[in-house]
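Visitor: sequence and predicted structure below; questions after.
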Amino acid sequence: MSSLNEPFDTITRQRSAAEFGIWIFLASEVLFFGGLFTGYSVYRFSYPTGFAAAGAETDLLIGTANTALLLTSSATMAVAVWSGRAGFRRQVLWGLSLTALLGAGFMVLKAIEYYNDFTESLIPGSPDFPVPDAGAQVFFSFYWVMTALHAVHLTIGVGAVMTTAIRVWLDRFDWRSTGLLHVLGLYWHLIDVIWIVLFPLLYLLGR
């Protein structure tokens, strides 16, 4: 079954265009999150005490568990990509299914963490905000923005992985030659790398 789409005349050209496009997208994401990380660093050095006190309020247990989930999902995605290159359909399905499951598990834990943050008034501007140090609310402003953006990217990733798994299961496209698995793998690894940076910035500070 061929998955060649217009305007491409060969699968090779289509795959090269898809891979080039995802690298451009990844570069734009690095610039986007790089701006947030730069802003975080500036305020971190402006309010070291407040950032440390606020960082100690984040849920280290959930943050660590989510880090383990994403690192494991990175491995299962790698299995899916390499199995696709080798032509092992069953391993591709298992790899994609486990990746989506681990990503969904991350989101469940993150939802629990967000609920706990709300109940503890760890929201910038809240009259009951529990950390009085200057800069603490700035820290949680970055916390909410960066983790929410990461969650949006992860939600898109889980949806894309699940859709791809279903298409592989139904044999709806030529997953061996289109390069889609490689492109999807690159996007998923971006999600992992972003979290690897966020984890020490948000969860280990002040410990």
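Guide: Good, I have the coordinates.
Visitor: can you pull out the strands in the chain?
Guide: Per DSSP state E, the chain carries no strands over any range.
Visitor: longest helix in it, by residue count?
Guide: Ranked by number of residues, the top helix in the chain under DSSP state H is helix 11-46.
Visitor: packing partners of that helix?
Guide: Counting contacts by 3 or more C-beta pairs under 8 Å, 6 or more residues apart in numbering; DSSP states H and E, helix 11-46 packs against helix 136-169, helix 180-199. Using the backbone N, CA and C atoms, a C-beta is placed for each residue, glycine as well.
Visitor: of those, which is nearest Arg85?
Guide: For those, the distance to Arg85 is smallest for helix 180-199, at 7.9 Å, taking C-beta to C-beta.
Visitor: show me the shaky parts of the protein.
Guide: Judged by pLDDT under 70, the chain has its weakly predicted residues at 1-20, 173-178.
Visitor: that older thread, okay if I get the helices and strands packed on helix 11-46 as TSV plus mean neighbour count and distance to Asp59?
Guide: Listed next are those as TSV, based on neighbours: other C-beta atoms under 10 Å; distance: least, C-beta to C-beta, whole Å:
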stretch	mean neighbour count	distance to Asp59
helix 136-169	18	11
helix 180-199	20	12
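Visitor: many thanks, we can stop here.
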